[in-house]
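**Q** Let's see this in three dimensions:
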Amino acid sequence: MTSEKTVHKLSTLEKVGFGAGDMSVNVMIAAMFFFMQYFYTDIFGLKPVHVGLLFLAARFIDAFSDPLMGLITDKYKSRFGRFRQYFLYLSIPYGFAIFLLFTTPDVSYNMKLVWAYVTYLFATLMFTGIAIPYISYIGVLTADPKERLSANGYRMFFAKIANWIIISSVPTLAVMWGGGDSAKGYQLAMGLMSFVGVLLLLFCFFTTKERVEHVVDKKPLKEQLGLLLKNDQWLILAACCVLGTLGYALRGGVAFYYAIHYLGGTEIMAGQFVSAGIAASIASMVASTWITKRYCKVQLFRWSQILVLLLSILMFFAVSPGDVWLAFVLYILLCFVVDLHAPVFWSAIAEVVDYGEFKNGKRVSGLAFGGISFCQKAGMGLAGFVTGLLLTYFGYQAGEVQSAFTVTGIALMLTVFPGIFHALMGLVMFKYKITNRYYVDMQVNAGKQDITPPKTGLSEDYANEQPL
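**A** Model prediction:
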């Protein structure tokens, strides 16, 4: 429970600084979502199924490292605060880990696998060391849910900017700087991006401040886990995180393959295709912030993700191989709708932590945020594993002309398959009840045993929160 009862308005500079932190985090996320699968198979020369197993193995490490990092942030506090210190101390190791991901020694296949495992797992640990404190950080910037939503709007906007810059520039820079050596080109391009990522983390550190002090309960891990599993709203967000990340990462992981083999483009065109979708996601961040000021954020979350499946089916049947322009148009539209939910989701995590405290009388914060990060990376790992299996099933051969069966499979992996995961996420959100009005009433009734909102005839949504 926060000790701050007053509302603190965040300055524009602080919101920009907070967003800069996510720009840095998304240097690695962009690599993992959009580049790694293609880089490992077509540039480093690993088999798709081996890449999938690597991604899955990394998630087993996360099963321990993510909750552990959450517990560490609960236990240790420095003069910089509980979370902010890691942006300073781990910024350089984090940047170095990104650089190593795209360093490809010319060794035997088995040694390539060893190198990939060592560097990928190291990068995963550095990502955990930054990401867990970062996603927890919003809870100590301000206690105002509207300010949190606004700050997360900045965050998601800058995150998408980072994705767009990386995806649109790295393939081009790799060609320019590689001199015919794609591996060297990607290493240099991502080396630059990792350096910028370090600077962004330091900017976040120097421009933001922890001002909300949470009283951390000294509870054993078993008790914290038990309390977390009693938090029904956190469980809903956790399920949504896995499903949404599965859909997002599956689409992102195969987008380069789709642009090259289904649309007949080059790596540069593939970068343009993916970056066009990211540009749409940036516009989606702005639109989501506008919509949620006027309509129920939970309703937007639900129905936007169900719409994703319908648009995915449309794209699969409407776009033929080589139909570049229609593919661009529908992919842009699809990416716009996909990310309408993102600011709502990331602002909701702090709210479900408060909900758990009101419901159970005890607060579980670090483990709650760490658990969501693990769910995100579990979704990424499962998506990478599924992508590797599906590419193998559909007969993908790196560097060769693909069969009609293969390119059809790639099209399904970009559209219908991820669309199903997004629709499932939207359906799960029909169990979520913490609207803005619910959260305000919950705060007002803090300390009372019954925090259930009065019946209004609109189920869990409030009458004065406009439906979509």
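**Q** Which positions in the strand or helix carrying Leu13 come out as buried?
**A** For Leu13, the element it lies in under DSSP states H and E is helix 12-30. For helix 12-30, a neighbour-count test (16 or more other CB atoms under 10 Å) marks 14-30 as buried. (Each C-beta comes from the backbone N, C-alpha and C, glycine too.)
**Q** Check which helices and strands the helix or strand just after that helix is in contact with.
**A** From helix 12-30 onward toward the C-terminus, using DSSP H and E, the following helix or strand is helix 36-38. Here helix 36-38 is seen to pack against helix 48-75, helix 232-257, helix 366-393 when contacts are counted using 3 or more CB pairs under 8 Å, 6 or more residues apart in numbering; DSSP states H and E.
**Q** do you know which of those helices lies nearest Phe328?
**A** Across these, Phe328 has its closest neighbour in helix 232-257 (11.9 Å, CB to CB).
**Q** picking up where we left off before, could you export the helix holding Leu13 as PDB, CA atoms only?
**A** As requested, C-alpha coordinates have been extracted for helix 12-30 and formatted as PDB (Å, rounded to 0.1, in the frame of the first residue of the first chain):
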ATOM      1  CA  THR A  12       6.400  16.300 -19.400                       C
ATOM      2  CA  LEU A  13      10.200  15.800 -18.900                       C
ATOM      3  CA  GLU A  14       9.600  13.000 -16.400                       C
ATOM      4  CA  LYS A  15       7.200  11.300 -18.700                       C
ATOM      5  CA  VAL A  16       9.700  11.600 -21.600                       C
ATOM      6  CA  GLY A  17      12.400  10.200 -19.300                       C
ATOM      7  CA  PHE A  18      10.200   7.300 -18.300                       C
ATOM      8  CA  GLY A  19       9.500   6.600 -21.900                       C
ATOM      9  CA  ALA A  20      13.200   6.700 -22.700                       C
ATOM     10  CA  GLY A  21      13.600   3.800 -20.300                       C
ATOM     11  CA  ASP A  22      11.200   1.700 -22.400                       C
ATOM     12  CA  MET A  23      13.000   2.800 -25.600                       C
ATOM     13  CA  SER A  24      16.100   1.200 -24.200                       C
ATOM     14  CA  VAL A  25      14.300  -1.900 -23.100                       C
ATOM     15  CA  ASN A  26      12.800  -2.200 -26.600                       C
ATOM     16  CA  VAL A  27      16.200  -2.300 -28.200                       C
ATOM     17  CA  MET A  28      16.500  -5.800 -27.000                       C
ATOM     18  CA  ILE A  29      12.700  -6.500 -27.400                       C
ATOM     19  CA  ALA A  30      12.900  -5.400 -31.100                       C
END
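**Q** Also compute the angle for it relative to helix 232-257, please.
**A** Counting by axes from the mean of the first three to the mean of the last three CA atoms, to 10 degrees, helix 12-30 lies at 60 degrees to helix 232-257.
**Q** Output the helices and strands packed on helix 36-38 as TSV; include the columns mean pLDDT, mean neighbour count and distance to Ala279.
**A** What follows is the helices and strands packed on helix 36-38, written out as TSV (pLDDT from 0 to 100; neighbours: other CB atoms under 10 Å; distance: least, CB to CB, whole Å):
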stretch	mean pLDDT	mean neighbour count	distance to Ala279
helix 48-75	85	20	27
helix 232-257	93	24	14
helix 366-393	86	24	22
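**Q** Can you add distance to Ala123 and give the ones you listed back as CSV?
**A** Putting the helices and strands packed on helix 36-38 into CSV (distance: least, CB to CB, whole Å) gives the following:
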stretch, distance to Ala123
helix 48-75, 9
helix 232-257, 16
helix 366-393, 12
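**Q** Quick one: the helices in the stretch 51-200 of the chain, in order.
**A** Remark: helices of the stretch 51-200 of the chain, listed N- to C-terminal, are 85-89, 91-101, 109-141, 145-178, 182-207; assignment by DSSP state H, counting those that start in this stretch.
**Q** ignore the last one, the stretch 201-350 of the chain
**A** Secondary structure of the stretch 201-350 of the chain, counting by DSSP H, counting those that start in this stretch: helices at 221-230, 232-257, 267-292, 297-318, 324-338, 342-360.
**Q** and the fourth one with helix 342-360, angle?
**A** On the basis of the same axes, to 10 degrees, helix 297-318 is oriented at 140 degrees to helix 342-360.
**Q** C-alpha coordinates for helix 297-318, PDB please?
**A** What follows is helix 297-318, C-alpha atoms only, in PDB (Å, rounded to 0.1, in the frame of the first residue of the first chain):
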ATOM      1  CA  LYS A 297     -10.600   1.200 -21.300                       C
ATOM      2  CA  VAL A 298     -11.600  -2.400 -20.500                       C
ATOM      3  CA  GLN A 299     -14.200  -2.500 -23.300                       C
ATOM      4  CA  LEU A 300     -11.500  -1.200 -25.700                       C
ATOM      5  CA  PHE A 301      -9.200  -3.900 -24.600                       C
ATOM      6  CA  ARG A 302     -11.700  -6.700 -25.200                       C
ATOM      7  CA  TRP A 303     -13.200  -5.800 -28.500                       C
ATOM      8  CA  SER A 304     -10.000  -4.500 -30.200                       C
ATOM      9  CA  GLN A 305      -8.400  -7.900 -29.700                       C
ATOM     10  CA  ILE A 306     -11.400  -9.800 -31.000                       C
ATOM     11  CA  LEU A 307     -11.300  -7.600 -34.100                       C
ATOM     12  CA  VAL A 308      -7.700  -8.600 -34.600                       C
ATOM     13  CA  LEU A 309      -8.800 -12.100 -35.500                       C
ATOM     14  CA  LEU A 310     -11.300 -10.800 -38.100                       C
ATOM     15  CA  LEU A 311      -8.700  -8.600 -39.700                       C
ATOM     16  CA  SER A 312      -6.200 -11.400 -39.700                       C
ATOM     17  CA  ILE A 313      -8.500 -13.700 -41.500                       C
ATOM     18  CA  LEU A 314      -9.300 -11.000 -44.000                       C
ATOM     19  CA  MET A 315      -5.500 -10.400 -44.700                       C
ATOM     20  CA  PHE A 316      -4.900 -14.100 -45.200                       C
ATOM     21  CA  PHE A 317      -7.600 -14.600 -47.800                       C
ATOM     22  CA  ALA A 318      -7.300 -11.100 -49.500                       C
END
